[in-house]
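Q: Just need the structure, nothing else, for what follows:
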Amino acid sequence: MSVRKVRYYLFLKDILVLSVTAFGGPQAFLAMLLERMVKARAYISEDDLWELNALCNMLPGPSSTQLISAIGFRVGGPNLAYLALIVWILPATALMTFAAVLISFLQENTPGALNFALFIQPMAIGFIIFAAQKTISKMVQSTEAMILMLISAFVSFFYSSPYIFPVLLIIGGVSTSIKYKKQPKLEKDAPLKIEWANFYLWAGVLVLAAILGGVTKYHGILLFENFYRNGSLIFGGGQVLVPYLYTEFVDFKNFLSSEEFLTGYAISQAIPGPTFSIASYVGALSMRSGGSLGIIFGGLIGAAGIFLPGIFMIFFVIRFWDQLKVYRPVRAALEGVNAVSCGMLIAAAYLLFEPLEPNFINIFFILSTYAMLQFTKISSPAIIAGGVTLGVIYHQFF
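A: This is a model prediction of the structure:
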């Protein structure tokens with residue numbers, strides 16, 4: 001076996017280890033990447049890691065997955081990057097699809113099947129509030145951004161259509177890009193040269209899925225288009241994905257109940273790997289009418305639809321990023337996009353709470369979950385496991 005093949009094998013093995021051990025959110029994930037990819041293996045330099053991380057945070061899609069793929073692209077080109085993508089997302093998407101199979105089975109065969117999730121549903125709201133607080137403190141740094149965030153929260157709450165989100169993102173980006181003169185000037189080493197192949201691939205899949213869905217009305221194709229469109233619009237990581245999916249699949253299309261969605265979101269916080277894997281759960285339950293095979297197929301559709309657009313975009317931009325980032329309007333627009341995403345998070349926290357009964361127990365578990373995340377070092381899986389245990393005990397004895 002050649003030295004190159006051995007290196008590629010080790011790289012994929014390292015990705016697999018990360019995919020089953022990456023608990024604790026973006027900060028813990030980055031620390032693990034730094035230790036394994038930079039210090040232990042020297043696949044890339046530390047400066048390259050931080051720059052690629054910044055780039056992925058500036059693009060729509062799952063930033064952790066894009067970062068894994070970007071590192072794979074630097075190490076071994078597109079083929080290794082796609083293999084790294086599959087290895088990275090497979091454990092989490094398989095677990096979330098299995099969770100959907102299990103919940104569907106329990107609901108059909110056991111009365112009160114989701115009683116074990118009695119407490120983890122309000123706990124999911126606590127996770128959203130914690131994610132919103134962390135995201136807002138990082139992304140909202142000016143008065144203009146604060147105003148955009150509040151407007152976005154207001155509009156997202158009162159007009160919870162999935163089609164309003166891209167409009168808000170565009171308005172937010174344009175409104176701050178006009179302040180580009182406040183951005184520092186960077187030296188342009190060479191004229192901007194763009195290779196459009198991956199952009200055409202991204203746009204072509206989007207248009208083709210929309211046309212095929214409109215013509216055939218086949219549920220699987222329509223579902224793929226829904227996820228692909230959402231995956232093309234998400235800035236800010238997995239927590240920002242939640243209001244999109246909730247609005248589209250719970251409020252707008254009624255494919256899932258609020259109870260099922262909150263249970264799935266809580267489970268996604270207790271497993272390693274990308275948070276975007278919740279799409280597999282949502283997709284699986286959206287196709288439960290097809291039985292167990294339909295659920296598994298829906299999980300695959302959810303994973304493909306949500307992850308592919310971000311991968312196409314990172315492959316498109318990484319080739320000319322060094323030239324693009326010197327343009328001040330590009331950097332200025334990100335402030336507005338991020339602020340709008342934060343507003344959607346605020347709206348999501350309330351929209352997810354709205355179906356729950358506003359009693360003492362629900363409010364207690366929301367606040368307790370937030371407090372444990374904010375002020376203790378208890379891991380997310382341990383918090384969720386505790387909530388499930390309490391739910392089972394409560395169901396048995398009360």
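Q: Let me see the ranges of the helices in the stretch 101-250 of the chain.
A: With DSSP state H, counting those that start in this stretch, the ranges of helices along the stretch 101-250 of the chain come out as 120-139, 143-158, 164-177, 197-216, 219-231, 238-245.
Q: Check which helices and strands the first one sits against.
A: Using 3 or more CB pairs under 8 Å, 6 or more residues apart in numbering; DSSP states H and E as the contact criterion, the neighbours of helix 120-139 among helices and strands are helix 238-245, helix 258-268, helix 328-353, helix 360-375, helix 380-397. All C-beta spots, glycine's among them, are computed from the backbone N, C-alpha and C.
Q: Check the offset of the next helix or strand along the chain from the second one from the chain's centre.
A: If you walk from helix 258-268 toward the C-terminus, the next helix or strand you reach (DSSP states H and E) is helix 278-286. The gap between the average C-alpha position of helix 278-286 and the chain average comes to 13 Å, counting by CA atoms, centre = their mean, to the nearest Å.
Q: now stretch 249-257
A: Averaged C-alpha coordinates place stretch 249-257 at 19 Å from its chain's average position (CA atoms, centre = their mean).
Q: in it, what counts as buried?
A: Buried positions in stretch 249-257, judged by neighbour count with 16 or more other CB atoms under 10 Å: 249-251, 255-256.
Q: Repeat that for stretch 48-57.
A: By neighbour count with 16+ other CB under 10 Å, stretch 48-57 contains the buried residues 49, 51-53, 55-57.
Q: F29: what's it in contact with?
A: F29 is in contact with 18, 22, 64, counting by CB atoms under 8 Å, 6 or more residues apart in numbering.
Q: Cross those residues against helices and list the overlap.
A: Using DSSP state H, the members of the contacts of F29 that fall in helices are 18, 64.
Q: What is the nearest of the contacts of F29 to M344?
A: Distance to M344, by CB to CB, is smallest for S64 among those, at 19.4 Å.
Q: Isn't that closest one up against S277?
A: No: with contacts defined as CB atoms under 8 Å, S64 does not count as touching S277, sitting 10.6 Å away.
Q: More neighbours: which of these two?
A: Per other CB atoms under 10 Å, whichever of S64 and S277 has more neighbours is S277, with 31 against 24.
Q: Okay, the residue lying closest to that one once chain neighbours are set aside and I271: tell me how far apart.
A: Setting aside the residues directly before and after it, S277 is nearest to A92 in space (CB to CB, 6 or more residues apart in numbering), at 3.7 Å. To I271, A92 is 6 Å away according to CB to CB, to the nearest Å.
Q: can you list residues touching both of the two?
A: S277.
Q: Flag the shaky bits of the stretch 51-200 of the chain, pLDDT-wise.
A: For the stretch 51-200 of the chain, residues meeting the criterion pLDDT under 70 lie at 54, 57-58, 110-117, 160-163, 186-190.
Q: how many neighbours does the residue nearest to G173 when sequence neighbours are not counted have?
A: Of all residues beyond its chain neighbours, the one nearest G173 is A333 (3.9 Å), with distances taken as CB to CB, 6+ apart. By the measure other CB under 10 Å, the count of residues near A333 is 23.
Q: Quick check: A333 vs I147, distance?
A: Computed with CB to CB, the distance linking A333 and I147 is 16 Å.
Q: Also S156?
A: Shown here: S156 relative to I147, a distance of 15 Å by CB to CB.
Q: what do you get for G305?
A: Spatial separation of G305 from I147 under the definition CB to CB is 33 Å.
Q: Looking at those two, which one has more neighbours?
A: Taking G305 and I147 together and counting by other CB under 10 Å, G305 has the greater number of neighbours (24 against 14).
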